[in-house]
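J.: fold the following, please.
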Amino acid sequence: MTAKTVPGVALESTLIAHGLPWPDNFETARASEAAVRAAGAEPFTMAVLDGAIRVGLNPSELEFFAQTGAGNIIKAGRRDLAAAIAQKRHAALTVSGTLFAARGAGLNIMATGGLGGVHRGNATFDISNDLHELARADGMVVVCSGVKSILDIAATLEVLETWGVTVVGYGTDEFPAFTTVSSGLPIDTRIDGPDEAADLILAHRRLNLPGAIVIAQPPPDDLALPREEVERAIGDAIRHAEVRGISGKAITPFLLESIRKSTEGRSLIVNKALIVRNAGLAGAIAVAVAERKSSG
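T.: Numbering: from 1, shown residues only. Reported below is the predicted structural model:
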């Protein structure tokens, strides 16, 4: 492929500013971009800088987001974009924000770690805007490792099914649970390579089907955590959050940090690995789609 035809992959920036600690966040961001390039595609880390949507950050800007962190960089989903732009803020984009911005930039494949979803014990109807944006992001593709394990995964899958979002497993018949290989919940459709993914994506688009396609890839087997250990850590983290009254946008980073401490850092190791792995897969799929289209 020539430089003009190199396909692009959008990468979200919330994991840089809010999801991972320094310097792991910067190292992971650079490694993710390198993985996309190694697959033959071009990475574009999406963010808002001084009130302008940036389709790709240069290395110094990536480092700025990584070092500045949550203190001066807001966490922006789709609904927060207008305010971030009008107020000339710096904003790290969630999955919903990245999907919206990527579509406007002509990018239709993105990679992330874990999706947002339905929170456990959902008495307040706390449902991530990621799910609604997936339902309206027609023809988009999101490569992930399922949804974050701190969420109600079964309820999240039910919402995705109700809203008509296509969910497929990459090399698995079970839905992965972020840092855990399996949630114990089956997936109806399995694909086993970038070419199979490309065939499914192009069929979805030819039919003009609504909604995005979620391609769920398990974390690396050698690093993935046992489901029972993660569930214990999540239970402890949720109790700590309730005692401290933590909720809203602050809850996810708090829970993830608590789990990292409970697992003595092993959850961070697998989190970093799956993010880079998903970016590489998104790059490979983007190339396969482009080759299918160019060959007719």
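J.: pick out the residue nearest the middle of this protein.
T.: Taking CA atoms, centre = their mean, the centroid of the chain lies closest to residue 112, which sits 2.5 Å from it.
J.: and that residue, how far is that from residue 144?
T.: 5 Å (CB to CB, to the nearest Å). All C-beta spots, glycine's among them, are computed from the backbone N, C-alpha and C.
J.: now do residue 259
T.: Applying CB to CB, one obtains 18 Å for the distance of residue 259 from residue 144.
J.: any idea where the strands of the protein begin and end?
T.: 8-11, 42-49, 52-55, 74-76, 91-93, 109-111, 141-144, 166-170, 189-191, 213-216 (DSSP state E).
J.: in JSON lines: the ones you listed, plus mean pLDDT and distance to residue 293.
T.: Formatted as JSON lines, these follow (pLDDT from 0 to 100; distance: least, CB to CB, whole Å):
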{"stretch": "strand 8-11", "mean pLDDT": "98", "distance to residue 293": "14"}
{"stretch": "strand 42-49", "mean pLDDT": "98", "distance to residue 293": "16"}
{"stretch": "strand 52-55", "mean pLDDT": "97", "distance to residue 293": "21"}
{"stretch": "strand 74-76", "mean pLDDT": "95", "distance to residue 293": "32"}
{"stretch": "strand 91-93", "mean pLDDT": "97", "distance to residue 293": "27"}
{"stretch": "strand 109-111", "mean pLDDT": "98", "distance to residue 293": "13"}
{"stretch": "strand 141-144", "mean pLDDT": "98", "distance to residue 293": "14"}
{"stretch": "strand 166-170", "mean pLDDT": "98", "distance to residue 293": "19"}
{"stretch": "strand 189-191", "mean pLDDT": "98", "distance to residue 293": "18"}
{"stretch": "strand 213-216", "mean pLDDT": "98", "distance to residue 293": "16"}
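J.: need the overlap of contacts for residue 112 and residue 144.
T.: Common contacts of residue 112 and residue 144 (CB atoms under 8 Å, 6 or more residues apart in numbering): 95, 278.
J.: shaky segments in the stretch 51-200 of the chain?
T.: Within the stretch 51-200 of the chain, the ranges that satisfy pLDDT under 70 run 122-125.
J.: would you map the helices across it?
T.: Remark: helices assigned in the stretch 51-200 of the chain by DSSP state H, counting those that start in this stretch are 59-68, 81-86, 95-104, 129-136, 153-162, 194-206.
J.: what's the most buried one of those helices?
T.: Compared across the helices of the stretch 51-200 of the chain, helix 95-104 shows the largest average neighbour count, a mean of 25 (mean count of other CB atoms under 10 Å).
J.: tabulate the CA atom coordinates of that helix in CSV.
T.: C-alpha atoms of helix 95-104 as CSV (Å, rounded to 0.1, in the frame of the first residue of the first chain):
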residue,chain,number,x,y,z
VAL,A,95,-14.9,5.5,23.8
SER,A,96,-18.1,7.5,23.1
GLY,A,97,-16.1,10.7,22.5
THR,A,98,-13.6,8.9,20.3
LEU,A,99,-16.3,7.2,18.2
PHE,A,100,-18.0,10.5,17.6
ALA,A,101,-14.8,12.4,16.8
ALA,A,102,-13.4,9.6,14.7
ARG,A,103,-16.5,9.4,12.5
GLY,A,104,-16.2,13.1,11.8
